[in-house]
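Chemist: Task: produce atomic coordinates for the following.
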Amino acid sequence: MAEKTSLSLIANVFGDARKTYREVEERAFADKVDELGGRYGLQKNCSLYERLGGSK
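Modeler: Numbering: from 1, shown residues only. Presented below is the predicted three-dimensional model:
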């Protein structure tokens, strides 16, 4: 029983780590879109900009 609980806990920790990593990756990508969009004059309300993940 304890072994099953331990495995479940480990799985949850790794699942949380993957989710956090994905969120960090998405935020970094959105920041880069913001940076490049500003550099090239891309409008923040542009649908392409929003689809790429730029912040509004």
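
Chemist: Could you give me the buried positions within the helix or strand Gly15 falls within?
Modeler: Assigned by DSSP states H and E, Gly15 belongs to helix 2-39. For helix 2-39, the neighbour count (16 or more other CB atoms under 10 Å) marks 33-34, 37 as buried. All C-beta spots, glycine's among them, are computed from the backbone N, C-alpha and C.

Chemist: Tabulate these (TSV), appending distance to Phe14 and pLDDT.
Modeler: TSV is the format used below for the buried residues of helix 2-39 (distance: CB to CB, whole Å; pLDDT from 0 to 100):
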residue	distance to Phe14	pLDDT
Val33	29	76
Asp34	30	77
Gly37	34	71
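
Chemist: As JSON lines, these with distance to Arg22 would be great.
Modeler: JSON lines is the format used below for these (distance: CB to CB, whole Å):
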{"residue": "Val33", "distance to Arg22": "16"}
{"residue": "Asp34", "distance to Arg22": "19"}
{"residue": "Gly37", "distance to Arg22": "22"}
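
Chemist: Show me what the helix holding Gly15 is packed against.
Modeler: Applying 3 or more CB pairs under 8 Å, 6 or more residues apart in numbering; DSSP states H and E, one finds that helix 2-39 contacts helix 47-52.

Chemist: What mean pLDDT does the helix it packs on get?
Modeler: Helix 47-52 carries an average pLDDT of 66.

Chemist: Check stretch 5-12 too.
Modeler: Stretch 5-12 carries an average pLDDT of 78.

Chemist: and that stretch, C-alpha only, in CSV?
Modeler: This file holds the C-alpha atoms of stretch 5-12, laid out as CSV (Å, rounded to 0.1, in the frame of the first residue of the first chain):
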residue,chain,number,x,y,z
THR,A,5,1.1,5.8,-2.5
SER,A,6,4.8,6.6,-3.1
LEU,A,7,4.5,5.9,-6.8
SER,A,8,1.3,8.0,-6.9
LEU,A,9,3.1,10.9,-5.2
ILE,A,10,6.1,10.6,-7.5
ALA,A,11,3.8,10.6,-10.6
ASN,A,12,2.0,13.7,-9.2
